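**Student:** Dropping a prediction and its sequence here:
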Amino acid sequence: MLTPRLDMVLKNVTTDFVADIGTDHAYIPIELAKKGVRVVATDVNAGPLRSAEKNVRKNALSVTLLKGDGLFPIPFVKEIIIAGMGGELIKKIIKDGFDKACSARLLLQPMNSQAELRKFLMENGFSIEKEDLAQEGRKIYNLIVAKKGTSPLPSAEIDLHLPPALYKHPIFPVLLEKKEREFSKQFIGLSKSKNGGSCELKRLEGLLSDINRLKEL
């Protein structure tokens, strides 16, 4: 049984030819293969690939396992999953394999730097098609679904952290509280610092004001 964050990724797959980058134990590829989806799973390290191969064999399924960095080992596929990595690393993977990324629907699950990843996608010719959330205990996980297209940058920074597409999501209030704690912690820490920049304090103050506005909606 998949965890909620992995199940969220699985439920958003829509095609029959998928690559899973940094597959680890190949949990998602195994579930996809059970449904008849053609799957290529990669990892940069041999250890996770051995675990993946063991799990694939145990389930008597067909999954292509490839060792390599980012998108380099994979063919051109219909969908690319990059889950469980930092947002900056996901950006690098897309940059380094840009042609393959542009040809596929991207299912991205950044563990951090979500706003930076959204901004990168919008500035580099991708359209954000869908946003989703999953919760495991106290942790909230984002899923950003993107494809080649046009998504103009929002006029307000808060929309990069808390996209309007998520407002009606059942878990959105939890994400809102999480972001409020995050920005409040940064604001308090910077206020106490001798090197605290007034511009950054003003930015954080503005984000917290936006969050209070959203809480009232």
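**Tutor:** Great, that's in hand.
**Student:** Show me the beta-bridge partners of the residue positioned nearest the centre of the chain.
**Tutor:** Most central in the chain under C-alpha atoms, centre = their mean is Q109, positioned 2.0 Å from the mean C-alpha point. Taking DSSP bridges as the rule, Q109 bridges to A83.
**Student:** Go ahead and confirm it touches A83.
**Tutor:** Yes - with contact defined as C-beta atoms under 8 Å, Q109 reaches A83; the gap is 3.7 Å. Where you see a C-beta, it was placed from the backbone N, CA and C, and this is true even at glycine.
**Student:** any residues in contact with both of the two?
**Tutor:** Common contacts of Q109 and A83 (C-beta atoms under 8 Å, 6 or more residues apart in numbering): R5, V9.
**Student:** Who are the packing partners of the biggest helix by length in the chain?
**Tutor:** Once the chain is assigned using DSSP state H, the helix that runs over the most residues is helix 172-192. Helices and strands touching helix 172-192, by 3 or more C-beta pairs under 8 Å, 6 or more residues apart in numbering; DSSP states H and E, are strand 126-136, strand 139-148, helix 198-216.
**Student:** What strands flank the first one, and is each parallel or antiparallel?
**Tutor:** Applying DSSP bridges, strand 126-136 is found paired with strand 139-148 (antiparallel).
**Student:** Can you give the contact residues for the strand it pairs with?
**Tutor:** 4-5, 8-9, 12, 102-111, 114, 117-118, 121, 125-135, 171, 174-175, 178.
**Student:** what do you get for stretch 51-64?
**Tutor:** Identification of contacts with stretch 51-64 by C-beta under 8 Å, 6+ apart yields 23-27, 29-30, 33-34, 39-41, 43, 65.
**Student:** repeat that with 7 Å
**Tutor:** With contact meaning C-beta atoms under 7 Å, 6 or more residues apart in numbering, stretch 51-64 is reached by T23, H25, A26, P29, I30, A33, K34, V39, V40, A41, D43, L65.
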